[in-house]
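[1] coordinates only, no sequence provided:
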């Protein structure tokens, strides 16, 4: 079980706009420049007013069709809150067209490719993001997931390790490295990674479930069932069909 971690989509906002609140007089201005609407859009975005944010970014683009900030932030909203990956893809592609050195846009477009199962295209975008920004932890992490999806386990492990080197508290990187190590039969190393993921994020139900599967593979069914039961305590849910498969394979719960 792997997960595409939405946290690996990178937010890009103007510095110092978090307290920006337009006055009534400003809202009545008949003509406002693109920067105003971008700031307005980001304010709405941060407040969870996503429809209003998109409208503001639309207006910024209408005023300045080559404004990368507007396309980038609109793309974030489309992918994170609406699941409109096609529109997000178009927006991130437009950012890259305007600014070919925009590492964050390559990372995010790669994320969209990856969630469509287009791993080769995703890896190409993550490669470009890393070339432009060599210490970009999320790009290494995402490339690791894409390589894992292609069955390239050694490269996936290498990328997750690079993520951890850059960001030692990146719990999903430990979880996914553990999953790759599990698939290679490196069960002790996998358990060590899951332990670290749970040390960083004590509520990480997926890491707990994955650790349980590795215990089962090692023949330690008691610890395996302990972790499976703990998943629900952590707020996760193990589908009934998976529970039934575990019972058929490893015996009843202890």
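    Good, I have the coordinates. Note that this is a predicted model, so its numbers are computed, not measured.
[2] hey, where'd the helices end up in this structure?
    24-27, 34-46, 50-63, 68-80, 85-98, 103-115, 119-132, 137-149, 153-166, 171-183, 187-200, 205-218, 221-233, 240-250 (DSSP state H).
[3] mean neighbour count and mean pLDDT added to those helices, as JSON lines?
    (Each C-beta comes from the backbone N, C-alpha and C, glycine too.) Shown next, in JSON lines, are those (neighbours: other CB atoms under 10 Å; pLDDT from 0 to 100):
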{"stretch": "helix 24-27", "mean neighbour count": "8", "mean pLDDT": "42"}
{"stretch": "helix 34-46", "mean neighbour count": "21", "mean pLDDT": "93"}
{"stretch": "helix 50-63", "mean neighbour count": "19", "mean pLDDT": "96"}
{"stretch": "helix 68-80", "mean neighbour count": "24", "mean pLDDT": "93"}
{"stretch": "helix 85-98", "mean neighbour count": "20", "mean pLDDT": "96"}
{"stretch": "helix 103-115", "mean neighbour count": "26", "mean pLDDT": "95"}
{"stretch": "helix 119-132", "mean neighbour count": "20", "mean pLDDT": "97"}
{"stretch": "helix 137-149", "mean neighbour count": "26", "mean pLDDT": "95"}
{"stretch": "helix 153-166", "mean neighbour count": "20", "mean pLDDT": "98"}
{"stretch": "helix 171-183", "mean neighbour count": "26", "mean pLDDT": "96"}
{"stretch": "helix 187-200", "mean neighbour count": "20", "mean pLDDT": "98"}
{"stretch": "helix 205-218", "mean neighbour count": "22", "mean pLDDT": "95"}
{"stretch": "helix 221-233", "mean neighbour count": "17", "mean pLDDT": "95"}
{"stretch": "helix 240-250", "mean neighbour count": "12", "mean pLDDT": "91"}
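[4] how close does residue 246 get to residue 207?
    Applying CB to CB, to the nearest Å, the value for residue 246 to residue 207 is 17 Å.
[5] try residue 36
    The spacing between residue 36 and residue 207, counted by CB to CB, is 44 Å.
[6] with residue 78 instead?
    With CB to CB as the criterion, residue 78 and residue 207 are 29 Å apart.
[7] now do residue 106
    From residue 106 across to residue 207, the span is 28 Å (CB to CB).
[8] repeat for residue 42
    Taking CB to CB, one finds residue 42 at 33 Å from residue 207.
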